[in-house]
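Coordinates for the following, if possible.
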Amino acid sequence: MPSVRPIHVQTGDPLLLVGTTKGAFVARGDRARERFELGGPHFAGHGVYAMTLDARAGRRRLWAATESMHWGALLRSSDDYGATWTDPEAANVKFPVETGLALKQVWQLLPGRASEPDTLYCGVAPAALFRSRDAGESWELVRGLFDHPHRPRWEPGFGGLCLHTILLHPRDPKRIIVAISTGGVYRSDDDGETWQVSNRGVRAQFLPDPHPEFGQCVHKIASSPLEPDRLFLQNHWGLYRSDDGGRSWRDIANGVPSDFGFPIAVPPREPNTAYIVPLESDEFRCPPEGKLRVYRTRDGGESWQPLARGLPQENAFETVLRDGLAVDGADPVGVYFGTRSGKLFGSRDGGDSWQLIAEGLPPITCVKTAVAA
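From the prediction side, this is the model:
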């Protein structure tokens, strides 16, 4: 196993949590976000598809979802920014025996609201939502979604049948929105007891009926806590916005070279701003014309601008996965993304210019931002 390069983290340091197909990395930036020191790899050889930092209730707890052919999917945590990690002997997230299902992968990790400091959520494959009420010591299946009558008819996408997005309304403690590939968007207004389908206006052009009740291949949803009813959605073909908490959607693919892509990110203090990385098509999942460009809207999707300064513009046959793009809460906002070829890029001016933070990493599966507690 390769040795793990440690990093020394101080309170207030900007952090990047980077998951790859062969381990996890933690990057510590200086206060200006000009330089990043890369620590890792943690869990060398294991796929890491979800990471987060839980800084509530005085914690500084990193979580990583690891996966291996031998040990399956496990959640591991660190209270010292990766110097040491828990090593559970058995799966800490697992389906009840009576379901007959086995956990394949954890796709999303999310701390609960500040008002519920011991609650965490995770989305998994096969598609389901789990919740912990004791800071991750134990996990329970959210039965309201699992028992939904649509679930037996959800079909796996190219990456499997996964629940990859969890959005918590910051002011309504009962509202949860999830996205499933390829189930679509579902919303609960009673803390997960019941769920309503929320796909009106989203196309599924790969199906005989392009506007089904459910079955859309949603790739990612994002929103700002300042306007949580305004949601942005990147679909498998399609780019959408909702202004009513996901009850209806309208197309906002105005001036983008392709409306196919995976990630979408919204700055926490800019509810009308969103970032995407368009790809040529579902058959050729590389940037159009071989030019690696991030697109930004600042008017809710009415128009989009290409952001390319500092990014390769020739033969850049890169792919950015659904959790490979992230923004921070600084002013100006920092934007970061990782590619399947192992390159990590960052911008500290809202995307106007870019720098290469790291290269030669394993294929990057997720990038998350945090501030050291």
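
I'd say residue 207 and residue 217 touch.
No. Checked against CB atoms under 8 Å, the pair residue 207 and residue 217 is beyond contact range at 9.3 Å. (C-beta placed from N, C-alpha, C; glycine too.)

Settle it for me: which of these two has more neighbours?
Higher neighbour count among residue 207 and residue 217: residue 217, with 26 against 14, using other CB atoms under 10 Å.

State the pLDDT value of the closest residue in space to the more buried one that isn't next to it in sequence.
Residue nearest to residue 217 in three dimensions, not counting chain neighbours: residue 236, with 3.5 Å by CB to CB, 6 or more residues apart in numbering. At residue 236, the model reports a pLDDT of 95.

residues in contact with residue 236?
Taking CB atoms under 8 Å, 6 or more residues apart in numbering, we find residue 236 in contact with 157, 181, 182, 204, 206, 216, 217, 218, 219, 260, 282.

Quick check, the first one in contact with residue 182.
Yes. At 4.5 Å, residue 157 and residue 182 qualify as touching, with contact defined as CB under 8 Å.

Can you tell me the strand partners of the helix or strand harbouring residue 187 and which way each runs?
In the assignment (DSSP states H and E), residue 187 maps to strand 184-188. In the sheet, strand 184-188 lines up against strand 176-181 (antiparallel), strand 196-197 (antiparallel) (DSSP bridges).

Count the neighbours of the closest residue to residue 360 other than its chain neighbours for me.
Once flanking residues are discounted, residue 360 sits nearest to residue 342: 5.7 Å by CB to CB, 6+ apart. By other CB under 10 Å, 18 other residues sit near residue 342.

Just to be sure, residue 342 is in a strand?
No. Looking at residue 342 with DSSP: H, G, I helix; E, B strand; the rest coil, it is coil, so not inside a strand.

Residue 208 and residue 215, how far apart?
Using CB to CB, to the nearest Å, residue 208 is found at 11 Å from residue 215.

ok, the two, which is more surrounded?
The neighbour comparison of residue 208 against residue 215 (other CB under 10 Å) goes to residue 215, with 20 against 6.

wait, isn't that one in contact with residue 204?
Yes. Between residue 215 and residue 204 a contact is recorded at 5.6 Å, counting by CB under 8 Å.

The protein: helices as residue ranges?
143-146 (DSSP state H).

what residue is smack in the middle of it?
residue 323 (3.6 Å; CA atoms, centre = their mean).

And stretch 207-221, what's buried?
Across stretch 207-221, burial judged by 16 or more other CB atoms under 10 Å covers 214, 215, 216, 217, 218, 219, 220, 221.

can you redo the residues you listed as a markdown table with distance to residue 76 and pLDDT?
Converted to a markdown table, those look like this (distance: CB to CB, whole Å; pLDDT from 0 to 100):
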| residue | distance to residue 76 | pLDDT |
| --- | --- | --- |
| 214 | 34 | 94 |
| 215 | 34 | 93 |
| 216 | 33 | 94 |
| 217 | 30 | 94 |
| 218 | 28 | 96 |
| 219 | 26 | 97 |
| 220 | 24 | 98 |
| 221 | 27 | 98 |
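
could you pull out the strands for the stretch 201-350 of the chain?
Ranges of strands in the stretch 201-350 of the chain, per DSSP state E, counting those that start in this stretch, are 218-223, 231-235, 239-242, 250-251, 260-265, 274-279, 294-297, 305-307, 325-327, 335-338, 344-347.

can you put the ones you listed in TSV and add distance to residue 30?
Rendered in TSV, the data for the strands of the stretch 201-350 of the chain read as follows (distance: least, CB to CB, whole Å):
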stretch	distance to residue 30
strand 218-223	27
strand 231-235	30
strand 239-242	35
strand 250-251	41
strand 260-265	22
strand 274-279	23
strand 294-297	23
strand 305-307	23
strand 325-327	18
strand 335-338	15
strand 344-347	12
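
hmm, back to that, quick one: which of the buried residues of stretch 207-221 is nearest residue 357?
Checking the buried residues of stretch 207-221 against residue 357 by CB to CB gives residue 220 as the nearest, at 21.6 Å.
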